[in-house]
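J.: turn this into a structure:
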Amino acid sequence: MSSPALLMRLVASAYSIAERAGTIVRKVMSGGDLGIVIKSGIDDLQTQADRLVQQSICSSLARSFPRVTIIGEEDLPSQDVEEELIETGQHEEILKISCPSQYTSIKEDELVVWVDPLDGTKEYTEGLLDHVTVLIGIAYEGKAIAGVINQPYYNYEAGDNATLGRTIWGVLGIGAFGFQLQEVPDGKHIVITTRSHSNKLVTDCVAAMNPDKVVRVGGAGNKIIHLIEGHASAYVFASPGCKKWDTCAPEAILHAVGGKMTDIHGNSFQYNKEVKHMNSAGILATLKNFDYYASRVPKSVKQALVP
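T.: Below you'll find the predicted structure:
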């Protein structure tokens, strides 16, 4: 049997690394000291979990895939990383899956990995634990092609004996796994949007969708999970603020199951290593009926958000 292709080895590693990341997130919370630092604004927080998880993910990936470009959210000083943060395992089931033919000859230096060590940091500090995700997105030729999302606190309200946490993963051309794909019933328009970064542009754009219901939660990863599990039909965020590490992994998973994510103008996101980190023209994402929602974005919103 031939050895697994590079992409499948990278995804298998990212899966195991994300599982360890989830453990670190829970350990910091249970330790009682979140080590909160304010970065640039009152809502822009960093915790000890953000720092340790980024060290764990980036160092673990760099050790196994030294020529892959890794871009993490947190600006951390270079330092020796404790060995207990390093994960060298690979998820065996992923290694058994054949790589899509268009990705079999990828070389390490052609891949870019976008890492959000703790998506939903503000919610983490407020105890809204089901909003929190760990995101590892993999891009090739500027396109998000694979992603891993760990939910450290999935099932946390199910009682003391429940298994805590889960990991969702996906690759374009294979599909996405670790959850039950559901769709919102036809004709229902449930819009999911930001919980803590709203403004007039956001509310105007959401209202223009003529929603039956609006859901406000934290975290880009969490919002995409709501889409693919049938709790929302469109993710609408008409504002700058999201970055490439917020969207790469969720986009890959959404696209792997037939959904679509773009900016508010309908432009695809680019994930090559030179690209600017900010998604300055917002986000529009759906599992289906993308054109319906895209057609309802107000002209005033499009004019205000320059790609």
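
J.: all helices for the protein, in order.
T.: Here the chain has its helices, by DSSP state H, at 6-31, 48-64, 92-95, 121-126, 200-208, 220-228, 244-256, 290-295, 299-304.

J.: so which of the ones you listed gets nearest residue 265?
T.: Residue 265 lies closest, by Cβ to Cβ, to one member of those: helix 299-304, at 5.9 Å. C-beta: built from backbone N, CA, C; applies to glycine.

J.: check the model's average confidence along the closest one for me.
T.: Taken as a whole, helix 299-304 carries a mean pLDDT of 96.

J.: closest one to residue 105 among the helices of the chain?
T.: From the helices of the chain, taking Cβ to Cβ, the stretch that ends up closest is helix 6-31, at 8.8 Å.

J.: quick one, what contacts residue 165?
T.: 19, 22-23, 26, 150-155 (Cβ atoms under 8 Å, 6 or more residues apart in numbering).

J.: equivalent analysis for residue 273, please.
T.: Applying Cβ under 8 Å, 6+ apart, the residues near residue 273 are 69, 71, 112.

J.: again, but for residue 146
T.: With Cβ under 8 Å, 6+ apart, residue 146 has these contacts: 7, 10-11, 14, 137-138, 169-172, 252.

J.: now residue 61, nearest residue through space, not along the chain?
T.: Spatially, and ignoring its direct neighbours in sequence, residue 61 is nearest to residue 70 (5.6 Å; Cβ to Cβ, 6 or more residues apart in numbering).

J.: so that neighbour touches residue 113, yeah?
T.: Yes. Between residue 70 and residue 113 there is a contact at 4.8 Å, judged by Cβ atoms under 8 Å.

J.: shared neighbours of the two, which are they?
T.: residue 61.

J.: looking at these two, which one has more neighbours?
T.: The neighbour comparison of residue 70 against residue 113 (other Cβ atoms under 10 Å) goes to residue 113, with 27 against 20.

J.: can you read off the pLDDT for the more buried one?
T.: The pLDDT attached to residue 113 in the predicted structure is 98.

J.: partners of it in the sheet?
T.: residue 70, residue 138 (DSSP bridges).

J.: swap in residue 283?
T.: Going by DSSP bridges, residue 283 forms beta bridges with residue 237.

J.: OK, contacts around it?
T.: 220, 235-237, 242, 247, 261-264.

J.: let's see 10 Å
T.: Residue 283 makes contacts with 193-194, 220, 223-224, 235-239, 241-242, 246-247, 250-251, 261-264, 269, as judged by Cβ atoms under 10 Å, 6 or more residues apart in numbering.

J.: same check, this time on residue 118
T.: So residue 118 contacts 21, 24-25, 28, 45-54, 73-74, 124, 132-135, 152, 219 (Cβ under 10 Å, 6+ apart).

J.: give me the low-pLDDT residue ranges for this structure?
T.: For the chain, residues meeting the criterion pLDDT under 70 lie at 1, 39-43, 77-79.

J.: circling back: nearest to residue 104 among the contacts of residue 146?
T.: Once Cβ to Cβ is applied, the member of the contacts of residue 146 that ends up nearest residue 104 is residue 7, at 7.9 Å.

J.: picking that back up, surely the residue nearest to residue 61 is in contact with residue 117?
T.: No. Using Cβ atoms under 10 Å, residue 70 is not in contact with residue 117; the gap is 11.6 Å.

J.: which neighbours do those two share?
T.: 54, 57-58, 136.

J.: residues near residue 158, how many?
T.: So residue 158, with other Cβ under 10 Å, has 10 neighbours.

J.: for it, what are its contacts?
T.: Neighbouring residues of residue 158 by Cβ under 10 Å, 6+ apart: residue 164.

J.: rewinding a little: please produce JSON lines containing the helices of the chain, extended by mean neighbour count and distance to residue 187.
T.: Listed next are those as JSON lines, based on neighbours: other Cβ atoms under 10 Å; distance: least, Cβ to Cβ, whole Å:
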{"stretch": "helix 6-31", "mean neighbour count": "22", "distance to residue 187": "36"}
{"stretch": "helix 48-64", "mean neighbour count": "22", "distance to residue 187": "40"}
{"stretch": "helix 92-95", "mean neighbour count": "15", "distance to residue 187": "37"}
{"stretch": "helix 121-126", "mean neighbour count": "20", "distance to residue 187": "31"}
{"stretch": "helix 200-208", "mean neighbour count": "18", "distance to residue 187": "18"}
{"stretch": "helix 220-228", "mean neighbour count": "26", "distance to residue 187": "17"}
{"stretch": "helix 244-256", "mean neighbour count": "28", "distance to residue 187": "21"}
{"stretch": "helix 290-295", "mean neighbour count": "15", "distance to residue 187": "11"}
{"stretch": "helix 299-304", "mean neighbour count": "14", "distance to residue 187": "24"}
